[in-house]
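Student: Here is a sequence with its predicted model. Questions after.
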Amino acid sequence: MNILEAIDDPHLLGSAIRDHESWKAWRALLAALFGLPLDDYGARLFRDCTGRAEAPVAAFGFLWLVCGRRGGKTFVMALLACYFGLFRDWSANLAPGERAVILLVAADREQAKILRRYISGIVAAPMLSQLVESETADSIELKGRVVIEVATCSYRTVRGRSVCVALLDEVAFWRREDSANPDVEVFNAIRASMATFGDDAMTIIASSPYSRRGLLWDAYRKWHGKADAQNLVWQAATRVMNPAVPQSFVDGEFERDPAAAAAEYGAQFRTDLEAFVSVDVVESLIEPGCFELPPSHAHLAFVDAAGGGGQDAMTMAIAHAEGDVAVLDCLRGVKPPFSPESVVAEFAETLKRYGIRRVTADRWGSEFVAEAFMRQGIICEQSAKPKSDLYRESLPLLNSGKVRFLDHPKLVAELCSLERRTARGGRDSIDHPPGGHDDLANAVCGVITLAVGGARSFRKASVEAALTHDVKPIFVGGIFG
């Protein structure tokens, strides 16, 4: 039974579809994906959404779905998972006792729960429920030696399975504290797990678009509009796939924020966002296996403070300058919940161990933070520059190799997730993406700009002193201790 027959039958997958008339666009997409005949509407939509002139005659191995929000893509991912689990026979590729895994990967636990609930609702149809053997919070085992599993976007959690179909949801918004590119890592890990099933395996990657980087953007740039036999890229705005979304709502979103709405509802990759720094640049600055350096120089420190009750960590970075190179010596971070007073006391002990009696902090809670450090015998000064300026000034240091980093995967992930955003007035700002964090990155960029700036000030002062025959070393602004 093909996919269209399954969704047309009200006793099978069709029982989960409320309005078949509004499903015309999805029918066309599914027909194209599986190489089924297209009617006139489907052929026209295929050309519009893929940029390809000729309709397919065979199924694709990869679907890259660039779709606006509320278009229905998450539900369709669940529907496809059920189709592959209930109507395909994978047993010929399985060893004794082995099960074929249909793996859905979500951005986070909440999104995974949504997928899981969709699947439960679909297989609850009386004829389909007879094929369910058992269920857990994350999986449904089906007759025919198949299991549908839901996981989050970590390459560690997707290994060790025999995956016949992989469905990756909202990949443009995957964030991991321990990874700079979780989309690529998960994709590569899953592809290795699919080797057992050869050409029968299928991978479906779906997301609303975001910035012009990452797995989805690379596939779009490479295959959209190209007549590739394995890869189908389908790009469609929200109302193309789901006309039930009111046009008035979409118009209001475009009026409120045109750049964001063009991505979220128009399915266009954002042109106002660019990566701050590349993964290759950051990784080239790391000292592998070096996690902390002992006190040995005139050190500086920068603190990114937090209240302990929200989502932000409180972080501290310590560095020194060797010529015109900033060297990161120590990096601390405490996740919430925490007591700010306790964290300040802990940080103060580390600062004193490095001979530091003066620290610079960001602008959060300036008076409270300064008073807390003062009680620990540390002078705390507020940074004169906003976060975006610290990032902007640190970028030339990163790109020119004037920094040495500790081996810290979370720092790499935060730096590489930073985005340069161009506002309507043309001014750039640099910050973490939605749902991301930059607490470590802020502290590190703050301290490396201080270190290099302090070294330059010291050299300038020394030259001026030498010219006036006063060669005594000059330490300015308490920077060196």
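Tutor: Perfect, thanks for sending it.

Student: can you give me the strands for the stretch 201-350 of the chain?
Tutor: Assigned by DSSP state E, counting those that start in this stretch, the strands in the stretch 201-350 of the chain fall at 202-207, 231-236, 273-275, 300-304, 314-322, 325-334.

Student: right, and those strands - which one's nearest Gly14?
Tutor: In terms of Cβ to Cβ, the element of those nearest to Gly14 is strand 202-207, at 20.2 Å. Just so you know, the C-beta spots here come from the backbone N, C-alpha and C atoms, and that holds for glycine as well.

Student: dump the residue contacts of Val250.
Tutor: Thr238, Arg239, Ala261, Tyr265 (Cβ atoms under 8 Å, 6 or more residues apart in numbering).

Student: In helices, which of those residues fall?
Tutor: Counting by DSSP state H, the contacts of Val250 place Thr238, Arg239, Ala261 in helices.

Student: Out of those, give me the one that has the most neighbours.
Tutor: Thr238 (25 neighbours; other Cβ atoms under 10 Å).

Student: hang on, it packs against Gly68?
Tutor: Yes. Using Cβ atoms under 8 Å as the test, Thr238 is close enough to Gly68 to be in contact (3.2 Å).

Student: can you list residues touching both of these two?
Tutor: Common contact partners of Thr238 and Gly68 (Cβ under 8 Å, 6+ apart): Glu264, Tyr265, Gly266, Ala267.

Student: for the second one, phi and psi?
Tutor: Going back to what we said before, that points to Tyr265. Dihedral angles of Tyr265 (phi, psi; degrees, to the nearest 10) stand at phi -120, psi -20.

Student: Could you measure from it over to Pro433?
Tutor: Distance of Tyr265 to Pro433, computed by Cβ to Cβ, to the nearest Å: 19 Å.

Student: Also the third one?
Tutor: When Cβ to Cβ is the yardstick, Gly266 and Pro433 sit 19 Å from each other.

Student: Next: the last one.
Tutor: Ala267 is 18 Å from Pro433, where distance means Cβ to Cβ.

Student: ok, these two, which is more surrounded?
Tutor: Set Ala267 next to Pro433 and count neighbours by other Cβ under 10 Å: Ala267 wins out with 24 against 17.

Student: doesn't Gln235 make contact with that one?
Tutor: Yes. Using Cβ under 8 Å, Ala267 is in contact with Gln235, at 5.4 Å.

Student: Overlap in contacts, these two.
Tutor: Joint contacts of Ala267 and Gln235 (Cβ under 8 Å, 6+ apart) are Val66, Cys67.

Student: before we move on, the earlier item: what's the least confident stretch among the strands of the stretch 201-350 of the chain?
Tutor: The minimum mean pLDDT among the strands of the stretch 201-350 of the chain belongs to strand 273-275 (a mean of 82).

Student: contact partners of that strand?
Tutor: Contact with strand 273-275 is made by Tyr210, Ser211, Arg212, Arg213, Cys416, Leu418, Glu419, Arg420, Arg421, Thr422, as judged by Cβ under 8 Å, 6+ apart.

Student: Quick one: buried ones out of those residues?
Tutor: Of the members of the contacts of strand 273-275, the ones counted as buried by neighbours, 16 or more other Cβ atoms under 10 Å, are Tyr210, Ser211, Arg212, Arg213, Cys416, Leu418, Glu419, Arg420, Arg421.

Student: which stretches of this protein aren't confidently modelled?
Tutor: 365-366, 423-426, 454-481 (pLDDT under 70).

Student: repeat that for 50
Tutor: 455, 457-481 (pLDDT under 50).

Student: Quickly list the domain ranges of it.
Tutor: The chain breaks down into these domains under automatic domain parsing: 3-271, 279-467.

Student: what's the spacing between Thr271 and Trp217?
Tutor: Applying Cβ to Cβ to Thr271 and Trp217 gives a distance of 12 Å.

Student: now the strands: where do they sit in the stretch 351-481 of the chain?
Tutor: With DSSP E, counting those that start in this stretch as the criterion, the stretch 351-481 of the chain has strands spanning 358-361, 379-382, 403-404, 419-422, 428-431.

Student: before we move on, the earlier item: between the contacts of Val250, which is nearest Glu98?
Tutor: Thr238 (40.2 Å).
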